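Novice: here's my sequence, what's the structure:
(chains A and B)
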Amino acid sequence: MSNLVLTIRESIRYRGRSGHWSWVAHRISGLAILLFLTIHVWDTANAHFAPNVYQWSVDVFKWPPVAIGEIPLMAAVLYHAFNGIRISILDYKPELWKHQKKSTQITWGLFLIIFVPIGIYMAYEMVHYWQELGDAWMKFPRLSDY
Amino acid sequence: MTTTSPDITGITRRKVQVQNNFERRAFLFMRVSGIALLFLAVGHMMIQHVLNSSTNLSIIFVAEQWNSWGWKVYDMLLLGFAYLHGMNGFRNVLEDYIHNRSAIKIINIFLAVFAVITIIWAGYAIAAFNPEAAIQAVGG
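Specialist: Numbering: from 1, shown residues only, chains lettered A, B, ... in the order given. Coordinates of the predicted model:
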């Protein structure tokens, strides 16, 4: 446990600047995606194995506290993808290493330009859907109803 | 080729004999699957979350998509690449922090078995999915 605390503390204290923050973001986004992916894959398999359980879990994913997570998920996938391209290019072309800092800035810039409008659009769609539900918008779906 | 610049001490190119072992193949897999996922995973997010909205996701929607082998193959490729990429990434993260060799060996075996079971289970579900049967099962 102290190992974990040490890991987290040193990840914040280490002064590797922009490249270090990209590394931290790549790791966290990757782990977050894997966590969601595991749930998503087992859950989606239920569409075949237990369609009524699938119907219920889809509604759990639409329950506001869970649904809101769709936006950071989109951010994680986009950042991980763009930073992955950056890492691959730099590994392939060491002569570009002198542009390390610039490369991280371009990656964050590209990520923000693409993610921000998408994130706003997703939030808008979500709020619109909750408004249509009216008073029942926060009601947690019960498996026995499916 | 060497490049000199004021902010870096210069790059020396060396020839290194790279062993063709598991780690090298895992590294190459991360690169290849990464490029594939750039289209498969980012495409999946755009199709399902932007062009379609997950607010109208239901078994009916799934039945419409998995009515064609095109989408079934897309999702199976996505499943295989994404899950192995993610699990190998997770293994790399864990190996950075867990230095006990026998512990990491047990964890790696567990991760590998879990990944294979997950892919077979979900891959089978996609292949065997029958739109009519699924809609009937929920009384639609």
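Novice: any low-confidence regions in chain B?
Specialist: Chain B contains residues with pLDDT under 70 at B:1-11, B:140.
Novice: please enumerate the helices of it.
Specialist: Per DSSP state H, chain B carries helices over the ranges B:22-46, B:59-65, B:69-97, B:101-128, B:131-137.
Novice: from A:I89, how far out is the residue in chain A sticking out farthest from the centre?
Specialist: What lies farthest from the middle of chain A is A:E95; by CA atoms, centre = their mean that is 31.7 Å. According to CB to CB, to the nearest Å, A:E95 stands 11 Å off from A:I89. (Each C-beta comes from the backbone N, C-alpha and C, glycine too.)
Novice: likewise A:L143?
Specialist: Using CB to CB, A:L143 is found at 47 Å from A:I89.
Novice: and the residue most central in space within chain B, what does it touch?
Specialist: The residue lying closest to the centre of chain B (CA atoms, centre = their mean) is B:A82, at 1.0 Å. Contacts for B:A82 (CB atoms under 8 Å, 6 or more residues apart in numbering or on different chains) come out as A:L37, B:S33, B:L37, B:L40, B:A41.
Novice: list just the nearest of those to A:Y54.
Specialist: Taking CB to CB as the measure, A:Y54 sits nearest to A:L37 out of those, at 16.7 Å.
Novice: ok, now which ones touch the closest one?
Specialist: B:A82, B:Y83, B:G86 are the contacts of A:L37 under CB under 8 Å, 6+ apart.
Novice: turn those into JSON lines, including distance to B:I47.
Specialist: Output for these, formatted as JSON lines (distance: CB to CB, whole Å):
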{"residue": "B:A82", "distance to B:I47": "15"}
{"residue": "B:Y83", "distance to B:I47": "19"}
{"residue": "B:G86", "distance to B:I47": "20"}
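Novice: does B:L84 touch B:A115 like I think?
Specialist: Yes: with contact defined as CB atoms under 8 Å, B:L84 counts as touching B:A115 (6.3 Å).
Novice: returning to that earlier point: pLDDT wise, what is the residue farthest from the centre of chain A at?
Specialist: Note on A:E95: pLDDT of 88.
Novice: how far away is it from B:T12?
Specialist: Distance from A:E95 to B:T12, by CB to CB: 12 Å.
Novice: okay, now the unreliable bits of chain A?
Specialist: In chain A, residues with pLDDT under 70: A:1-2.
Novice: try 50
Specialist: The model of chain A has no residue with pLDDT under 50.
Novice: neighbours of A:G119, just the number please.
Specialist: Residues within reach of A:G119, counting by other CB atoms under 10 Å in any protein chain shown, total 17.
Novice: kindly report the same for A:L90.
Specialist: A total of 16 residues lie near A:L90 under the criterion other CB under 10 Å.
Novice: then B:L28?
Specialist: B:L28 has 11 nearby residues by other CB under 10 Å.
Novice: same thing with A:L73?
Specialist: 20.
Novice: tell me the contacts of A:V58?
Specialist: B:L57, B:S58, B:I59.
Novice: relative to A:I89, how far out is it?
Specialist: Between A:V58 and A:I89 the distance is 38 Å, computed by CB to CB.
Novice: and A:P72, by the same measure?
Specialist: 26 Å.
Novice: B:L38 now?
Specialist: From B:L38 over to A:I89 (counting by CB to CB), the distance is 12 Å.
Novice: who's more crowded, these two?
Specialist: For B:L38 versus A:I89, the count of surrounding residues by other CB under 10 Å is larger for B:L38: 15 against 11.
Novice: ok, and the closest non-adjacent residue to the more buried one?
Specialist: Leaving out its chain neighbours, the residue that sits closest to B:L38 by CB to CB, 6 or more residues apart in numbering or on different chains is A:A81, at 5.5 Å.
Novice: tell me what angle the strand or helix carrying that neighbour forms with helix B:22-46.
Specialist: Element membership of A:A81, judged by DSSP states H and E, is helix A:70-92. Helix A:70-92 runs at 140 degrees relative to helix B:22-46, counting by axes from the mean of the first three to the mean of the last three CA atoms, to 10 degrees.
Novice: pull the CA atoms of helix A:70-92 into CSV?
Specialist: Output of helix A:70-92 as CSV, limited to C-alpha atoms (Å, rounded to 0.1, in the frame of the first residue of the first chain):
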residue,chain,number,x,y,z
GLU,A,70,-19.5,8.8,-21.4
ILE,A,71,-17.9,12.3,-21.8
PRO,A,72,-14.6,11.6,-19.9
LEU,A,73,-14.6,8.2,-21.7
MET,A,74,-14.6,10.0,-25.1
ALA,A,75,-11.9,12.3,-23.8
ALA,A,76,-9.8,9.3,-22.7
VAL,A,77,-10.1,7.5,-26.0
LEU,A,78,-9.3,10.6,-28.1
TYR,A,79,-6.3,11.6,-25.9
HIS,A,80,-4.9,8.1,-25.8
ALA,A,81,-5.2,7.8,-29.6
PHE,A,82,-3.5,11.1,-30.4
ASN,A,83,-0.8,10.7,-27.8
GLY,A,84,-0.2,7.1,-29.1
ILE,A,85,0.4,8.6,-32.6
ARG,A,86,2.8,11.1,-31.1
ILE,A,87,4.8,8.3,-29.2
SER,A,88,4.9,6.2,-32.3
ILE,A,89,6.2,9.0,-34.5
LEU,A,90,8.9,10.0,-32.0
ASP,A,91,10.0,6.4,-31.5
TYR,A,92,10.4,6.1,-35.3
